[in-house]
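S.K.: Pasting a predicted model and its sequence here:
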There are 2 protein chains.
Amino acid sequence: MILINGVEADHIAVNDRGFQYGDGLFETIEVLDGQPVFLEQHLSRLSADCLRLKIPNPDIKLLTDEIANVCKSVQNAVLKIIITRGIGGRGYRQPEAIQSTRVVSLHPFPEYPQAYAEHGINARFCTTCLGLNPALAGIKHLNRLEQIMARAEWDDPTIQEGIMLDINNQVIEGTMSNLFYVKDSSIYTASLDFAGVSGVVRGIIKQLSAEQNLTIIEHDYKQDALLNADEVFVCNSIIGIWPVKQIENANFAAGKLTKQLQTCLTQLKGREQ
Amino acid sequence: MILINGVEADHIAVNDRGFQYGDGLFETIEVLDGQPVFLEQHLSRLSADCLRLKIPNPDIKLLTDEIANVCKSVQNAVLKIIITRGIGGRGYRQPEAIQSTRVVSLHPFPEYPQAYAEHGINARFCTTCLGLNPALAGIKHLNRLEQIMARAEWDDPTIQEGIMLDINNQVIEGTMSNLFYVKDSSIYTASLDFAGVSGVVRGIIKQLSAEQNLTIIEHDYKQDALLNADEVFVCNSIIGIWPVKQIENANFAAGKLTKQLQTCLTQLKGREQ
C-alpha cells in the first residue's frame, strides 16, 4: 500500500523534485505487531532533516494518521516515508510556494537469518568512497548514488554489508547501516560531521550506552583501528544490531558489549510498544 | 509533452529508483528551430555517464526517435532527458535485471534578457559548498541537493548565478553553469576531478579554443584568481555563453575572448543545424 499525499496511488508526478533532483529525504521504520517502532524518534529526525534542507515540515498529525492507516492491517513490515520539496518547474531554484510531497509505503520485512543477529555477519571494505560535505552530512536525504555504487561492488551472498570510507580514508559507516567498534571496553563510532547518515538507532545506541554507564566516543578513525577492535557491530532500524564477525581477513567475537546493547535495544522496543 | 519509455504520461512509478534514490542522470538540451542542438555530444555524454554509474545505456535509436517525436511540433524549447536505473525494490542493491527508465520531456525556453549575453550578468559566491567525490565528479546525475541548497541562498533577481566552491575553497562552477576566466590571454577553468558537472558546452568551448589557437588550462584555483581575472564567463546548453560583469564587488568587462568564443559557439550551432 502506498499513500501519496494521503491518496492511494503508485505513481508520482514526473515533475516532483524528488524525481527530478533527489530533492527530499526519507525514513525507514520497522513495523512490529502493527506498530511503527521508534516512530517519535523517526519523526523528530525527519523534522530536523526538513529544517536543514529548508523543506517545509509536513503536517505531523496528518502524516501520523496516514502511517496508522497504512500500518493497521499488517503485523511485521517495513514502513518507508519519503518527503520531497514537491512539484516544481525545471531548474534548481525552488518554487515560491512549496507544497511538500508525502509518500508513505509498506514493504515486506526482509527475512534475515537469525544467525546474523546471534553470531554476526561478514563485511568488506568498499572502494566507492563517501564524499565530504558538511551541508548534507548526517541527513537521510534522497541523494544516495554513493551507497548504490558501493552496494553494486559485490554480489557474494556470504557478505552482508560493505564498509564505506570517506575520501580521506576515514571509516564512516556501512552502505545501509551505522558502524561501531569496541576497544578496551569503550565504544567508538564515526563523528559524521562531513559524511554519513545519522541513523535513529545510532542515536538510541548512544542514549542506551549512556544509561548503562558505557563510554561511547565519536571520533575520526581509520581501517587499522577497526581491524584491531575487540568487537564490531552495525545497526539500523530494520536489522537492529548485528555483530560483525569478519571484515575481510580479520575476525571478531560477537562480544559482551554488543550483546548487552542488543538486549537493551530489544527491551526498549518492548517498552515502546 | 512527456514520454516515459516511449509512452505519453506525466507520472512515474513510485518505486522507480530515480525517485527513491536519485539513481539516474539527465541531459538538458536546447531545441532551436525544432532541432536539438549538439544532440550527438549530449547522447555521447549520457552514454559515458551511464557507463560510470553502471546503468544500462538506453537504446539510442529508440531514444533518438522519441526525441524527434517530442521535438517535431516545437520551435524553441528545452528538451530534458532523464535516464534512471528503473524500477526496483527497497534497498540500495540494484535489481538483478535492470531495465532503465527513459523520460523525454519538453519545457518552455526561458526568456532571458538579451543583455545577459551582450553585457554580462551579476554573480555571487555561494556558502553551500560542493562535496568532494571523485566517483561522481563530472557526472550530470540526479543527486542535485548541493545545487538546490546553493540556489536557495539568494532571491535577489539582479543576481543571475551563484558560484560554488568545494569544501577546500577551490572555485568549481556556477549552480547551473560551468565557469571560465581569462587572464593574460589564457583561458582557465576548474579541472572537475573531485566535484562539478562536466558540461557539454564546456567541452565544446575547450574544442573551439583549441581550434582558435587559444590557450585553455584546467587547474585548481581559488577566489583570488577569479576576482583578479581580465574576463569571466559562464556557460551551459541553454544560456550558451554569458559574460560575468560583476562578482560581488569585482567588475569585469565583457571582453574580447569571451566575445570571440560566443561568436564561435553561435557559428558552430548554425553549422550543426
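M.R.: Nice, I can see it.

S.K.: Poorly predicted segments of chain A, please.
M.R.: A:273 (pLDDT under 70).

S.K.: Show me how it divides into domains.
M.R.: A:2-108, A:114-272 (automatic domain parsing).

S.K.: Endpoints of the last one, how far apart?
M.R.: Meaning domain A:114-272. 23 Å (CA to CA, to the nearest Å).

S.K.: cool, the shortest one as well?
M.R.: Between the start and the finish of domain A:2-108 there is a gap of 13 Å, counting by CA to CA.

S.K.: In CSV: the domains of chain A, plus mean neighbour count.
M.R.: Every C-beta, even on glycine, is put in place using the N, C-alpha and C of the backbone. Formatted as CSV, those follow (neighbours: other CB atoms under 10 Å in any protein chain shown):
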stretch, mean neighbour count
domain A:2-108, 18
domain A:114-272, 19
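
S.K.: Can I get the ones you listed in TSV including distance to chain B?
M.R.: Below are those laid out as TSV (distance: least, CB to the nearest CB, whole Å):
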stretch	distance to chain B
domain A:2-108	3
domain A:114-272	3
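
S.K.: could you dump the ones you listed to a markdown table with distance to residue B:106?
M.R.: Output for those, formatted as a markdown table (distance: least, CB to CB, whole Å):
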| stretch | distance to residue B:106 |
| --- | --- |
| domain A:2-108 | 10 |
| domain A:114-272 | 25 |
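
S.K.: The ones you listed: which one's closest to residue B:235?
M.R.: domain A:2-108 (16.2 Å; CB to CB).

S.K.: quick one, what contacts the residue nearest to residue A:184 when sequence neighbours are not counted?
M.R.: Closest residue to residue A:184 apart from its sequence neighbours, by CB to CB, 6 or more residues apart in numbering or on different chains: residue A:230 at 7.2 Å. Counting by CB atoms under 8 Å, 6 or more residues apart in numbering or on different chains, residue A:230 touches A:181, A:182, A:183, A:184, A:252, A:253, A:255.

S.K.: Format those as CSV; extra columns: secondary structure.
M.R.: Formatted as CSV, the contacts of residue A:230 follow (DSSP: H, G, I helix; E, B strand; the rest coil):
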residue, secondary structure
A:181, strand
A:182, strand
A:183, strand
A:184, coil
A:252, coil
A:253, coil
A:255, coil
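
S.K.: Out of the domains of chain A, the one nearest residue B:211 is which?
M.R.: Nearest to residue B:211 among the domains of chain A is domain A:2-108 (31.5 Å), distances taken as CB to CB.

S.K.: which residues sit in contact with the residue nearest in space to the middle of chain A?
M.R.: Compute the mean C-alpha point of chain A, and by CA atoms, centre = their mean the closest residue is residue A:199, 4.6 Å away. Each residue near residue A:199 by CB under 8 Å, 6+ apart is listed here: A:140, A:177, A:178, A:235, A:236, A:237.

S.K.: try 10 Å this time
M.R.: For residue A:199, the contact set (CB atoms under 10 Å, 6 or more residues apart in numbering or on different chains) comprises A:28, A:45, A:138, A:140, A:173-174, A:176-178, A:192, A:205, A:234-237.

S.K.: These in helices, which ones?
M.R.: Using DSSP state H, the subset of those located in helices is A:45, A:205.

S.K.: any idea which of the contacts of residue A:199 is closest to residue A:7?
M.R.: Ranked by distance to residue A:7 (CB to CB), those are led by residue A:28 at 22.0 Å.

S.K.: The closest one and residue B:92 touch, don't they?
M.R.: No - if you go by CB atoms under 10 Å, residue A:28 and residue B:92 don't touch, sitting 11.2 Å apart.

S.K.: intersection of neighbour lists for the two?
M.R.: residue A:176.

S.K.: what residue of chain A is the furthest out?
M.R.: Outermost in chain A, CA atoms, centre = their mean: residue A:96 at 31.1 Å.

S.K.: Wait, a strand at that one?
M.R.: No - remark: residue A:96 does not belong to a strand; assigned using three-state DSSP, it is coil.

S.K.: show me the contacts for it.
M.R.: A:88, B:155.

S.K.: ditto for residue A:18
M.R.: Neighbour list for residue A:18: A:12, A:24-26, A:82-87, A:100-101, A:103, A:142, B:14, B:18-22, B:142 [criterion: CB under 10 Å, 6+ apart].

S.K.: Name the secondary structure element that contains it.
M.R.: Per DSSP states H and E, residue A:18 falls inside helix A:17-21.

S.K.: where do the strands sit along the stretch 51-200 of chain A?
M.R.: Listed in chain order, the strands of the stretch 51-200 of chain A (DSSP state E, counting those that start in this stretch) span A:77-84, A:101-108, A:121-125, A:161-165, A:171-174, A:178-183, A:186-189.

S.K.: what is residue A:180 paired to in the beta sheet?
M.R.: Per DSSP bridges, the residues bridged to residue A:180 are residue A:189, residue A:233.

S.K.: can you pull the contacts of it?
M.R.: A:173, A:187-190, A:202, A:205-206, A:209, A:216, A:226, A:229, A:231-235, A:241, A:244, A:257-258, A:261.

S.K.: Equivalent analysis for residue A:249, please.
M.R.: Here residue A:249 is in contact with residue A:227 (CB under 10 Å, 6+ apart).

S.K.: Could you do the one 5 residues further on as well?
M.R.: When the contact criterion is CB under 10 Å, 6+ apart, the partners of residue A:254 are A:117-121, A:231-233, A:242-245, A:262.

S.K.: so of the residues you listed, which ones are in helices?
M.R.: Among these, the ones falling in helices (DSSP H) are A:117, A:118, A:119, A:262.

S.K.: biggest separation within the residues you listed, which pair?
M.R.: Applying CB to CB across the ones in helices among the contacts of residue A:254, the maximum distance is between A:119 and A:262, 12.1 Å.

S.K.: Could you name every residue contacting both of the two?
M.R.: A:242, A:243, A:254.

S.K.: Using TSV, lay out those residues together with distance to residue B:108.
M.R.: Shown next, in TSV, are the shared contacts of residue A:119 and residue A:262 (distance: CB to CB, whole Å):
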residue	distance to residue B:108
A:242	51
A:243	56
A:254	60
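
S.K.: Give me the subset of those lying in strands.
M.R.: A:242, A:243 (DSSP state E).

S.K.: Return the member of the shared contacts of residue A:119 and residue A:262 nearest to residue A:76.
M.R.: Nearest member of those to residue A:76, counting by CB to CB, is residue A:242, at 17.6 Å.

S.K.: who's the closest one bridged to?
M.R.: residue A:234.

S.K.: Quickly note the distance from it to residue A:162.
M.R.: Residue A:242 sits 13 Å away from residue A:162, taking CB to CB, to the nearest Å as the criterion.

S.K.: which residues do the two both contact?
M.R.: A:123, A:174, A:177.

S.K.: Show the contacting residues for residue A:56.
M.R.: Taking CB under 10 Å, 6+ apart as the test, what residue A:56 contacts is A:50, A:83, A:85, A:86, A:97, A:98, A:99, A:100.

S.K.: at 7 Å instead, please
M.R.: Neighbouring residues of residue A:56 by CB atoms under 7 Å, 6 or more residues apart in numbering or on different chains: A:50, A:98, A:100.

S.K.: what does residue A:74 give?
M.R.: Residue A:74 makes contact with A:31, A:34, A:106 under the criterion CB under 7 Å, 6+ apart.

S.K.: Surely the second one and residue A:77 touch.
M.R.: By that I understand residue A:34. No - using CB atoms under 7 Å, residue A:34 makes no contact with residue A:77, being 8.8 Å away.

S.K.: ok, what's across the strand from the nearest residue to residue A:36 once chain neighbours are set aside?
M.R.: Sequence neighbours aside, residue A:29 is the residue nearest to residue A:36 in space, at 4.8 Å (criterion: CB to CB, 6+ apart). Beta-bridge partners recorded for residue A:29 (DSSP bridges): residue A:79.
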